[in-house]
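In: Let me see the structure of the following:
(chains A and B, ligands or ions: 3)
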Amino acid sequence: MSRRLHAYVLGHRRAYLIGFALSLLSTGLSVTNPWVLRLAVDGIRSGAAPRLLVGLAAAYVGIALTGGFIRYHWRMKMLGAGRRIEYEIRNDYFAHLQRMHQAFFQHTRTGDLMARAINDLNTISRLVGVGIMHSFNTIFMFTAAGTLMFAIDRPLALVVLGILPLVSLVFVLLGRRIHRQYEQVQEQFSTLSARAQENFSGIRVVKAFAQESAEIATFGAINREYMTRSLRLARTSGALWPAMTLILGGAAAAVLWQGGQAVVAGRITLGQLVQFFGYLMMLSWPMIALGWVATIVQQGLASMRRIETILDSRPVIAEPPDPVRPERLRGEIEFRDVSFAYNGVPVLRGINLRIPGGATVAIVGPTGSGKTTLVSLIPRLFDPTGGAVLVDGIDVRRLSLPVLRGSIGLVPQESFLFSDTLEGNLAFGLEGGDGSRAREAAETARLAPEIAGFPLGYQTVVGERGVTLSGGQKQRATIARALARDPGILILDDALSSVDTRTEEEILQALRRFMATRTSLIISHRISTVRGADLIVVLGDGRIVEQGTHDALLAAGGLYADLYQKQLLKEALEADEASTP
Amino acid sequence: MSTAFHEDEIIGAAYDARLMRRLMGYVRPYRAAVALAVVLLLLTSAASLVGPYIVRIAIDEHITPGRLEGLGVVILAYLGALAAAFILRYAQTYMMARVGQHAMYDLRMELLTHLQRLSVGFYTRHPVGRLVTRVTNDIEALNEMITQGVVAIFGDLVTLVGIVAILLYLDWRLALATMLVLPVIILFTARFRAVAREAYRAIRVRLARINAFLNEHIMGMGIVQLFGREAREQARFEELNREHLAAGMASLRSFAIFHPVVGAMSAVAVAIIIAYGGAQALAGTISVGLVVAFVQYAQRFFEPIEDLAEKYNILQAAMASAERLFRLLDEPVEVEDPPAPVRADRVRGEIEFRGVWFAYESAPEHDWVLRDVSFHIRAGESVAFVGHTGAGKSSIINLITRFYDPQQGCVQVDGHDVRRWDQRELRRHIGLVLQDVFLFAGTIEDNIRLGTSSITSEQVRRAAEFVNAARFIERIPDGYQAQVQERGATLSVGQKQLIAFARAIVHNPDVLLVLDEATSSVDTDTEILIQDALGRVMQNRTSIIIAHRLSTIQHVDRILVIHKGRIAEEGTHRELLARGGIYTKLYQLQYRDQEMRHDT
Ligand SMILES: Nc1ncnc2c1ncn2[C@@H]1O[C@H](COP(=O)(O)OP(=O)(O)OP(=O)(O)O)[C@@H](O)[C@H]1O
Ligand SMILES: Nc1ncnc2c1ncn2[C@@H]1O[C@H](COP(=O)(O)OP(=O)(O)OP(=O)(O)O)[C@@H](O)[C@H]1O
Ligand SMILES: [Mg+2]
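Out: Numbers count the residues shown, from 1 in each chain, chains lettered A, B, ... in the order given. Ligands and ions are numbered 1, 2, ... in the order given. Predicted coordinates for the structure are as follows:
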């Protein structure tokens, strides 16, 4: 058993110990029943009073009731512990996911992570519940029956004992295969789950391009492979139980052969042989259970491995061991010879940039030039591969993460909302749902008038990812969400791309006041959005190609001036076109 | 905006028999295999019954008389019976596993196929995680029922009937007395069933909630972390998890009670035999041997009942899942294909809206998104929709592609109501770039081609060059074969937009090209290149463009200004400017830069 699972189980050792004791008790009680029956039969034979029979009948019921009561608690203890462990691991699993860094989620499929949290944990729950419960029981039964057998006849008992290695052999042979094949099944289950998840998330694209049949075919192939793998597993694990029965039968045959000779030789009586047989049969259920439990254990361990792969992956970005916790960040940002690569592919090179606290800096540059990457280094969504990012003169890797992120309001390029009310979404970053701050932010983001138009207003529930809002509404909601935190550093990553010009202008106007006292970074492709910034940084192919104010850059006549010319040119063309009658 | 979004509420009285019959429908194609499994099961029982018989022969004929010769043969026979039982049992188990897996495969395919037919509106109302739970875990629960339930239940029932027959044959009065406990068991089972079912339903519902929560929070983990919400989201998750645990404990409890109660009932039956049968035996009406036999049979009688109870556990879980699955399968297809769709090899691309009123909610009185919209787009014309955000531009596209149907009025393509088209046929003629880019896990090439296998790699490359995506794709180490992660996580947003654009181009829509904010995050150089390319594509093709940057719509023939769900203005760029309405204002705002330069 894995160390981690061990720890979880140990956390419930009381429940398990009590369960174990109860299981002993109930087995002990259940052997008294035949005894009562014997008394009854003997009583009838010897013509006892009917009252005695009634008394025995009552005793029989009484014993059964007591046994039932014990069994109830036994099950509740052991199986309950299993479920609680499942609950604990699932909590820890999610907590761990929350600590994982951005890159982890980009390379792990959502459906896969979901399958682990549900399916694999289910299997683990069975392992630590039913699995452990029956293991205890089986061990106990083996010991009891074994002792009794030895009491009757040593040589015969040794014959039975000699069969036992066969059991381990079967386990070794089949167990490992079951483990491996089950892992393959679970892996395919994850694929299936991930595929379904993607299909449902991307249903608009599927429908827009009439890809339904192709999707069904792809899913069909995955589904078929899942079936194939499951059947391969069934071929192995299906043999386990019959094999156990077979081994037991083999033992019985050996006992018959050896015992028969012993009886003939007069070493034991026929009655003893029959009794011996009786005990051997007592083992038949535990033997079957053993096969069953073995499957549960193998599957549970395989699933635990899959959970541990996740739990063992260390977050690359984590709270430093000795974090600096300044009261408030002034918002001075410095990139010091920063370079960055995604899996070895360089994206940023030699970035040196100082942003004084309270300044407004704009970043422009072609598609894929690294703008988003650059700003995501500030809240430590990624850490630079070379150089350092400093806020208030402190390397961000030394700052306490909650403090750092708490003072940043980032509006990501792609809007993401949760399926919650608008209010819940806007107040997402606020401790305690301070509705007024959220409303104020909605004003600034120019979302308030539209919200007022919704029948349910701020209580309107938006669909997953905010699908029930228009593109611009969604984007403004994410702006409002960032503003509501009242951050010291505001980062807008192309955050006005989906709103119309008038709204953009209004938002910028309202933001200007907000940005006056805060450090702001604005990424945009539009000159109109960035021209008012204190500093404009032009990024090209992962390097800073130019920087300066709007006027300085225009005068320099570089890339920015070129961009300006192009945007102007287009407009001029239209303007001319428009002004010619 | 549906309030029922999170609710997967527990549905009322369900009819087991009906559910069961429907479930068995999935086993029916494999009835031969099931029949074979039943036969195998009976043979297995027979083979294992041979064992005791052989033992008796060994004892009576060899051991007791002390004749050891021949004992070996008997034991060999015994081993033979064992081997037979082994093979039969194995075959039976595998047989049922096959049936279960096949039925599961079928059901999963049916479900997915049905889900592909459901409308876009359905997907906005149902969390993805819940749907995933249906396709994965719920179907899995059914599998367990088929593999472990069906045949075993049959076997148990056979045993049960057999024992009852034997008991009645031995002594019908004592038999009836023994079975006095049956009504109690039946009553109790009925009660238990209700409790257990509730517990299982609760488990299913809560599991789906956990999945929905996970789906959302894994995708939005970046936001959670940026906004420092980890602790609160953890608390919410633990709450959902705790509810799931509570439901699990409830089901556990009902079973922990059920087993002992059946056990106690069995004890009562034995007690009746001892007291009543014993008295009879004392009176000499029946023999002692009969009493002993009765006791043994009675005990065996309750074994299958307890076993059935165990199976019942599985059955209840399966029923709870089946309910949800069937409800999903019965989900009406809101946007349905007509029985006899119009046939068209070529689409000219004429589009007409006639008095269209549309709302996303089914109770639309307050919330019309489009109000009495009428317009006509000629074949080959290019048109732009402009307007403030939330004005209803994308909603118009949603109606043309028939993602939704309007409440009033009609939308026509080539003079036929879109409701008379086969949806997929209709959409095949439309090249659509959606406002939200969605990429699938797979290669870049796969994402451009999607599942349309007739598109060659060469065509993919040409489309990529056309939208100017080729430049960046070729710089990625694996080029077109580079893996795109889920949702295109490893690409910049502009790059994703270009891929989505290439996707629409390569599918070479006959006529219609619909671009909803297709280049909002693309840099100016690329945009200029695309503009030029677009000019060529739009020739002879009906095109609809939505853009907030007026510079991107300079090529169009006509502009429709949408304002609060109505068409406010309509005309060419010049006409609209001359009118001095909303468009003029939009325009002036955007080109203040321009004017400022003129001023200075
Ligand atoms: N998670 C990632 N893994 C690998 N490569 C990535 C990842 N994210 C971005 N890239 C690559 O890094 C480069 C820079 O991406 P980035 O998102 O920073 O560009 P950008 O300047 O913001 O572009 P846009 O204007 O399109 O938003 C691109 O070539 C992109 O493909
Ligand atoms: N799936 C939906 N369910 C409910 N309401 C919706 C849905 N999609 C859009 N809406 C609402 O319909 C209205 C019009 O939305 P639409 O997406 O058509 O606007 P738009 O003109 O495209 O805006 P934008 O320029 O911001 O993309 C908005 O108020 C929006 O909240
Ligand atoms: Mg970007």
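
In: what's the closest non-adjacent residue to residue A:374?
Out: Among residues not flanking residue A:374 along the chain, residue A:348 sits closest, at 6.1 Å (CB to CB, 6 or more residues apart in numbering or on different chains). For every residue, glycine as well, the C-beta is placed using N, CA and C.

In: tally of neighbours for that neighbour?
Out: Residue A:348: 27 surrounding residues under other CB atoms under 10 Å in any protein chain shown.

In: I'd assumed residue A:376 was in contact with it.
Out: No - using CB atoms under 8 Å as the test, residue A:348 is too far from residue A:376 to be in contact (10.6 Å).

In: gap between the residue nearest to residue A:374 and residue A:389?
Out: According to CB to CB, to the nearest Å, residue A:348 stands 11 Å off from residue A:389.

In: ditto for residue B:480
Out: 34 Å.

In: Adjacent strands (with direction) for the helix or strand that contains residue B:513?
Out: Per DSSP states H and E: residue B:513 is located in strand B:512-516. Strand pairing for strand B:512-516, using DSSP bridges, gives strand B:430-433 (parallel), strand B:543-546 (parallel).

In: will you turn the ones you listed into a markdown table that also has mean neighbour count, mean pLDDT and distance to ligand 3?
Out: A markdown table is the format used below for the strands paired with strand B:512-516 (neighbours: other CB atoms under 10 Å in any protein chain shown; pLDDT from 0 to 100; distance: least, CB to the ion, whole Å):
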| stretch | mean neighbour count | mean pLDDT | distance to ligand 3 |
| --- | --- | --- | --- |
| strand B:430-433 | 25 | 85 | 18 |
| strand B:543-546 | 25 | 88 | 21 |
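
In: Indicate which one of the ones you listed is closest to residue A:267.
Out: Residue A:267 sits nearest to strand B:430-433 of all the strands paired with strand B:512-516, at 89.0 Å, using CB to CB.

In: just checking, what packs against the helix or strand just after that closest one?
Out: Next helix or strand after strand B:430-433 toward the C-terminus (DSSP H and E): strand B:442-443. With contacts defined as 3 or more CB pairs under 8 Å, 6 or more residues apart in numbering or on different chains; DSSP states H and E, the packing partners of strand B:442-443 are strand B:483-484.

In: so, in contact with chain A or not, the strand it packs on?
Out: No - contact between strand B:483-484 and chain A is absent, the nearest approach being 9.6 Å (criterion: CB under 8 Å from any CB of the partner chain).

In: near ligand 1 at all, that strand?
Out: No - residues of strand B:483-484 are not located near ligand 1 by CB under 6 Å from any ligand atom, the shortest gap being 9.7 Å.

In: ok, back up a step: may I have the beta-bridge partners of the residue nearest to residue A:374?
Out: Assigned bridge partners for residue A:348, using DSSP bridges, are residue A:340.

In: Return the distance of residue B:298 relative to ligand 3.
Out: Plainly put, residue B:298 is 76 Å away from ligand 3 if you go by CB to the ion, to the nearest Å.

In: State the helix or strand in which that residue lies.
Out: Using DSSP H and E, the element containing residue B:298 is helix B:288-329.

In: what's downstream of that helix, the next helix or strand?
Out: Remark: after helix B:288-329, the chain's next helix or strand is strand B:351-358, criterion DSSP H and E.

In: In space, what's closest to the closest residue to ligand 3 within the stretch 251-400 of chain B - neighbours in sequence excluded?
Out: Ranking the residues of the stretch 251-400 of chain B by distance to ligand 3 (CB to the ion) places residue B:389 first, at 20.5 Å. Nearest residue to residue B:389, sequence neighbours excluded (CB to CB, 6+ apart): residue A:472, at 2.5 Å.
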